[in-house]
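> The sequence and its predicted three-dimensional model are supplied below.
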Amino acid sequence: MLLSDELYLTGLKIQWKNIEAIRSIDELYFHSPVTFFVGENGSGKSTLLEAIAVAYGFNPEGGTLNYSFSTFDSHSELCEATRLIRSYKKAKWGYFLRAESFYNVASAEEYYSAQPGGVPQHYHEKSHGESFLSVIQNNFNKEGLYILDEPEAALSPQRQLTLLLEMSKCVKNDSQFIIVTHSPILLGFPDAEILSFDNDSIEVINYEDTQSYQITKMFVNDRKHILKHLLENDDE
């Protein structure tokens, strides 16, 4: 497993004033092979994740480092204000997986796999969840850098556990993950570093302090009372 000074990306330097949480920092360092970005919608976590991926060399819509296509040019200019800090070690493989543009990546895969030597995966012929899982199992390997934006979007709770297993195998073989997620299942990965983008800052927090964990726990433990209170208020 990679030590903190052996991570492929050990951190980044950034100058950006357009997002409150990111405005509060000028540098950010990673200390674990698995780093999670968490926070409310619109807090900037996916924007920063995208900037990291693009600055590293990934296509903004996702895929491997070999993917080069554009369906709709919508990525933030934040990547131009982000300088990555790399260690002496270099990843041998990588993948940028983002839920919102996966259809476009699946379409691009049809083109790339049709080239000589390509192996068609037929993602469009599978369900969304099956396609996600196929990408994970076909592209996650040892000594890789994997940047994932809300991978739980298409995965059932059981498949999220499968993703945890695949991540564990990769981490044991010197891979690094940076992930945006709302999933309390994925956030439970052992010894992961969790960075919260709430409260207009970026701060390390414990698993039990994430809203994903707290709200899920509260709902599971007191579902009837919460629903009664919520739905009664909705009628007012």
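Here it is on my side, so go on.
> going on from the longest helix that the chain contains, what's the next piece of helix or strand?
Looking across the chain with DSSP state H, the single longest helix is helix 157-172. Next along the chain after helix 157-172, taking DSSP states H and E as the criterion, comes strand 176-180.
> what mean pLDDT would you report for the longest helix of the chain?
The pLDDT scores in helix 157-172 average 94.
> residues touching residue 223, list them.
Contacts for residue 223 (Cβ atoms under 8 Å, 6 or more residues apart in numbering) come out as none. The way it works is simple: take the backbone N, C-alpha and C, and place the C-beta from them, glycine included.
> what's near enough to touch residue 91?
8, 143, 144, 145, 175, 176.
> got the residues you listed as JSON lines, with neighbour count, distance to residue 77 and pLDDT columns?
Formatted as JSON lines, the contacts of residue 91 follow (neighbours: other Cβ atoms under 10 Å; distance: Cβ to Cβ, whole Å; pLDDT from 0 to 100):
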{"residue": "8", "neighbour count": "24", "distance to residue 77": "24", "pLDDT": "96"}
{"residue": "143", "neighbour count": "17", "distance to residue 77": "31", "pLDDT": "94"}
{"residue": "144", "neighbour count": "20", "distance to residue 77": "27", "pLDDT": "95"}
{"residue": "145", "neighbour count": "24", "distance to residue 77": "23", "pLDDT": "96"}
{"residue": "175", "neighbour count": "27", "distance to residue 77": "29", "pLDDT": "96"}
{"residue": "176", "neighbour count": "27", "distance to residue 77": "25", "pLDDT": "97"}
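> Looking at the residues you listed, which is nearest residue 35?
Closest approach to residue 35 among those (Cβ to Cβ): residue 176, at 8.1 Å.
> Check whether the closest one really touches residue 10, as I assumed.
No. The pair residue 176 / residue 10 is not scored as a contact, 9.6 Å apart, by Cβ atoms under 8 Å.
> overlap in contacts of the two?
With Cβ under 8 Å, 6+ apart as the test, residue 176 and residue 10 both reach residue 30.
> coming back round to it: which one of the contacts of residue 91 is nearest to residue 50?
Among the contacts of residue 91, residue 145 lies closest to residue 50 (Cβ to Cβ), at 14.7 Å.
> quick one: contacts for that closest one?
By Cβ under 8 Å, 6+ apart, residue 145 lies in contact with 8, 9, 56, 91, 93, 94, 175, 176, 178.
> what about stretch 42-52, average pLDDT?
The average pLDDT for stretch 42-52 rounds to 91.
> quick thing: my sequence starts at 28, can you match it?
Shifting the count to begin at 28 puts that one at stretch 69-79.
> for that stretch, the distance to its chain's centre please.
10 Å (Cα atoms, centre = their mean, to the nearest Å).
> Give me the buried positions along that stretch.
Of the residues in stretch 69-79, 70, 71, 72, 73, 74, 75, 76, 77, 78, 79 count as buried by neighbour count, 16 or more other Cβ atoms under 10 Å.
> Just give me the closest of these to residue 44.
residue 71 (11.7 Å).
> tell me the contacts of the closest one?
By Cβ under 8 Å, 6+ apart, the neighbours of residue 71 are 46, 47, 48, 49, 224.
> ok, so of these, who is nearest residue 162?
When the contacts of residue 71 are ranked by distance to residue 162 (Cβ to Cβ), residue 224 comes first, at 25.6 Å.
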